[in-house]
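> okay, structure incoming, though there's no sequence with it:
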C-alpha cells in the first residue's frame with residue numbers, strides 16, 4: 001500500500017518547484033526522512049525543517065494520509081522574511097529598507113513604543129522567540145502574498161519613547177500590507193515567548209498576558 005502526501009512549499013522552495021505544493025507518493029508507514037529523500041533533488045543543499053500538522057518534526061516521525069506537511073526553508077535572514085531578537089535600539093528605517101522590493105507598491109510599518117512608564121524590561125526565551133516569530137512571518141508572507149516582511153523585538157530595558165518591537169510588511173497593494181502588519185504584531189504578542197515588566201519609580205510589575213495556544 002502507499003500514501004499520497006501533499007507537501008506545502010514556501011519562499012525559495014516554492015520558486016524552485018514553480019508551485020506552492022507538490023504531491024509525493026510514499027510507502028505505507030514512511031517517515032519524514034523518507035519524504036525528504038524523495039524530495040532531495042528539489043531541496044538540494046538547503047537546510048530545511050519539516051513541519052507535520054504545523055509542528056516541527058523529527059525525521060523518524062511516521063506520516064499518515066491527511067497529515068498537513070510543509071517544508072520550511074531558513075526563516076531568519078532570508079531574502080523575503082526576517083525575524084530577530086535584539087538587545088539594542090531598533091530602527092524602523094533599517095527594517096523598511098530590508099523589505100522594499102521593485103514589486104512593492106505599499107510598505108506598512110508598525111512600532112510598539114514604551115508609554116506612560118519610565119521603562120519596560122523585556123525578557124525572552126530568545127532562541128525560541130526568534131524561531132517562532134520567523135514561523136509567524138513565513139506563514140503571513142505566504143498567505144498575504146507579500147513581497148517581503150520583517151520584524152524585530154527588543155529585550156532588556158526599553159526607556160519611555162523607544163520602540164520595543166518593529167514590523168515592516170511590503171506588498172503590491174496596501175490592503176495586504178496593512179493586514180499583514182496587523183496580523184504580525186498581534187500574533188507576535190500572543191505566541192512568542194516574551195515577557196514584559198513595567199518599571200516606574202523603582203517599582204516593577206510583570207504585565208499579565210495569555211497562555212499560548214497549543215499547536
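Cool, got the structure. Worth saying up front: this structure is predicted, and the values here are computed from it rather than measured.

> domain parsing for this protein?
Domain ranges of the chain: 2-72, 81-201, per automatic domain parsing.

> give the pairing partners of the helix or strand bottoming out on mean pLDDT in the chain; include direction for each.
The weakest-scoring helix or strand in the chain, judged by mean pLDDT, DSSP states H and E, is strand 203-206 (a mean of 75). Sheet pairing of strand 203-206 (DSSP bridges) gives strand 194-200 (antiparallel).

> and the strand it pairs with, which residues are buried?
194, 196, 198, 199 (16 or more other Cβ atoms under 10 Å). All C-beta atoms are positioned from the backbone trio N, CA, C, and that covers glycine.

> residue 204 is in contact with the second one, correct?
No. Shown here, residue 196 and residue 204 do not form a contact pair, counting by Cβ atoms under 8 Å, at 10.4 Å.

> circling back: residues contacting the least confident helix or strand of the chain, please?
Outside strand 203-206, the residues that touch it by Cβ atoms under 8 Å, 6 or more residues apart in numbering are 121, 195, 196, 197, 198.

> show the end-to-end separation of stretch 54-66, please.
The first and last residues of stretch 54-66 sit 13 Å apart, counting by Cα to Cα, to the nearest Å.

> any idea of the mean pLDDT for it?
Mean per-residue pLDDT for stretch 54-66: 89.

> what of stretch 7-20?
Mean predicted confidence for stretch 7-20 is 88.

> can you pull the buried residues of that stretch?
Residues of stretch 7-20 classed as buried under the neighbour-count rule (16+ other Cβ under 10 Å) are 7, 8, 9, 10, 11, 12, 13, 14.

> list the contacts of it.
In contact with stretch 7-20 (Cβ under 8 Å, 6+ apart) are residues 21-24, 35, 39, 42-43, 46, 48, 68-73, 78-81, 138, 141-142.

> on that earlier part again, if we take the contacts of strand 203-206, which one ends up nearest to residue 103?
For those, the residue nearest residue 103 by Cβ to Cβ is residue 196; the value is 36.0 Å.

> which strands and helices lie in contact with the helix or strand where residue 189 lies?
Following DSSP states H and E, one finds residue 189 within helix 174-191. Helix 174-191 is packed against strand 106-113, helix 126-143, strand 148-154, strand 163-171, with contacts defined by 3 or more Cβ pairs under 8 Å, 6 or more residues apart in numbering; DSSP states H and E.

> least reliable of these going by mean pLDDT?
helix 126-143 (a mean of 90).

> tilt between that one and strand 194-200?
110 degrees (axes from the mean of the first three to the mean of the last three Cα atoms, to 10 degrees).

> report the buried residues of helix 126-143.
126, 129-142.

> can you pick out the most distant pair from those residues?
Checking the buried residues of helix 126-143 with Cβ to Cβ, the most distant pair is 126 and 142, at 24.9 Å.

> what pLDDT, on average, does stretch 173-190 get?
The average pLDDT for stretch 173-190 rounds to 96.

> what lies in contact with that stretch?
105-110, 112, 133, 136-137, 140-141, 144-146, 149, 151, 153, 165, 167-171, 194, 209-210, 212-213.

> buried ones among those residues?
Neighbour-count burial (16+ other Cβ under 10 Å) is assigned, among these, to 106-110, 112, 133, 136-137, 140-141, 144, 146, 149, 151, 153, 165, 167-171, 194.

> and stretch 11-29, end to end?
Its first and final residues considered, stretch 11-29 spans 29 Å by Cα to Cα.
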